[in-house]
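>>> Sequence and predicted structure below; questions after.
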Amino acid sequence: MKDETGNGQRRDTPRESQQQEHPSTYVVQDRENQREMLRLMIQDRMITNGMGGVLPEQPDPTVFRRVLDVACGTGGWAIEAARTYPEMSVIGIDISQRMMEYARGQAADQQVSDRVEFQVMDALRILEFPTGFFDLVNLRFGVSFLRTWDWPKMISELLRVTRPGGIVRVTDEEIIHRSNSPALTEFWELFQLSFYRAGHLFADETTGLTDHLARLLTQHGCRNVQTKAHALALPAGTPEGQAYYDDVAHVVQTTRPFLQKWAGSTTGDYDGIRQRLQEEMLRPDFRATWNLLTVWGSRS
Ligand SMILES: C[S@@+](CC[C@H](N)C(=O)[O-])C[C@H]1O[C@@H](n2cnc3c(N)ncnc32)[C@H](O)[C@@H]1O
């Protein structure tokens, strides 16, 4: 709804201006980017399998009946959670309309649409759920869209929608994946610098947010914070290695504008790096390790 002003111009009503979109803080500006969606499908499967399932560190995931997955991407984690735990209902939210449409189709194909719902929602605003609604709230790869100053409000919101005794669970990554490809390391260094300059990291450090998450969760109200580290081995000649190759082949394309904006001249011969890393990753002795950390705590 728009108001007419006295001089014939239109102005936003307060409600409408509240609803105007924030500019994207995600590493891929275009929320409907097809290649990014494809990449997230590949990455989701690789990460969930590599970590040993959707909730590998939780002693009894059957206690989680109502679950929220924030910034759920193509919905793979949410769908897999519902498939694994038949008593669980899951809501996935993401800012990308296209990903939510795709995720709904996947839930229908996997016959879990009665227990899995996807909603377009901006997680940087108020989460549109009642206080204490969920038993578990999950967030994986928040580094991709949250700036360091977004975390206090994000954690407060995650906790607000969690019931007393419920769990807030956050998984993030080390930025530079260790590998025997010099060009791949060069690429991840650009990534790290860009993340830092764009405000997504507290320091220009390889460990990304992993050294900060436990402190953040504790400082902002989580109780009994615990951590579990994962090291995903991704050698050439394995399905995981192939998935990693595909993920990287897409990410060098989809994040290029972000890296060029934030790393600027440091990106140097970007096409050269891209070509070399693909060659190096195709060598039969290529290997990489992707380090992740899950941090979780409860609401008092
Ligand atoms: C790196 S992906 C991770 C997807 C999923 N969590 C996973 O681990 O497979 C980050 C997701 O955050 C979403 N996103 C970016 N900004 C967002 C925002 N403000 N609110 C909600 N989702 C957002 C993107 O659309 C993208 O799907």
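In hand now; what should we look at?

>>> drop to CA atoms for contacts and neighbour counts, all remaining ones
Fine.

>>> In the stretch 1-150 of the chain, which residue sits nearest the ligand?
Gly73 (3.2 Å; Cα to the nearest ligand atom).

>>> ok, that residue - contacts?
Taking Cα atoms under 8 Å, 6 or more residues apart in numbering, we find Gly73 in contact with 37, 40, 94, 96, 99-100.

>>> how many other residues sit next to Ser179?
18 (other Cα atoms under 10 Å).

>>> roughly how far apart are it and the ligand?
Plainly put, Ser179 is 21 Å away from the ligand if you go by Cα to the nearest ligand atom, to the nearest Å.

>>> can you check Glu240 too?
Glu240 is 15 Å from the ligand, where distance means Cα to the nearest ligand atom.

>>> In stretch 144-161, which residues are buried?
Neighbour counts over stretch 144-161 (16 or more other Cα atoms under 10 Å) mark 144-148, 151, 154-155, 157-161 as buried.

>>> what about it, distance to the chain center?
A distance of 13 Å separates the centroid of the chain from that of stretch 144-161, by Cα atoms, centre = their mean, to the nearest Å.

>>> got the residues of the chain near the ligand?
Proximity of the chain to the ligand is confined to 25-26, 31, 40, 44, 71-73, 94-96, 121-124, 140-141, 144-145 under the rule Cα under 6 Å from any ligand atom.

>>> Quick check on the residues you listed: which are buried?
Buried among these by 16+ other Cα under 10 Å: 26, 31, 40, 44, 71-73, 94-96, 121-124, 140-141, 144-145.

>>> Quick check: closest non-adjacent residue to the spatially most central residue of the chain.
Geometric centre of the chain, nearest residue: Phe141, 3.0 Å, by Cα atoms, centre = their mean. Residue nearest to Phe141 in three dimensions, not counting chain neighbours: Asp172, with 4.9 Å by Cα to Cα, 6 or more residues apart in numbering.

>>> in the stretch 1-150 of the chain, which spans are strands?
Along the stretch 1-150 of the chain, counting by DSSP state E, counting those that start in this stretch, strands occupy 2-4, 10-12, 66-70, 89-94, 116-120, 134-140.

>>> now these in CSV, with distance to Pro56?
Formatted as CSV, the strands of the stretch 1-150 of the chain follow (distance: least, Cα to Cα, whole Å):
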stretch, distance to Pro56
strand 2-4, 50
strand 10-12, 47
strand 66-70, 15
strand 89-94, 17
strand 116-120, 20
strand 134-140, 13
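
>>> re earlier: could I get the buried residues of stretch 144-161 as a markdown table with distance to Gly221?
Converted to a markdown table, these look like this (distance: Cα to Cα, whole Å):
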| residue | distance to Gly221 |
| --- | --- |
| Ser144 | 23 |
| Phe145 | 22 |
| Leu146 | 18 |
| Arg147 | 19 |
| Thr148 | 17 |
| Trp151 | 12 |
| Met154 | 12 |
| Ile155 | 8 |
| Glu157 | 11 |
| Leu158 | 10 |
| Leu159 | 8 |
| Arg160 | 10 |
| Val161 | 13 |
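
>>> Take those residues and lay them out in CSV including pLDDT and distance to Arg104.
Shown next, in CSV, are these (pLDDT from 0 to 100; distance: Cα to Cα, whole Å):
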residue, pLDDT, distance to Arg104
Ser144, 98, 23
Phe145, 98, 22
Leu146, 98, 25
Arg147, 98, 28
Thr148, 98, 31
Trp151, 98, 28
Met154, 98, 25
Ile155, 98, 26
Glu157, 98, 25
Leu158, 98, 23
Leu159, 98, 26
Arg160, 98, 26
Val161, 98, 23
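
>>> Take these and keep only those in helices.
151, 154-155, 157-160 (DSSP state H).
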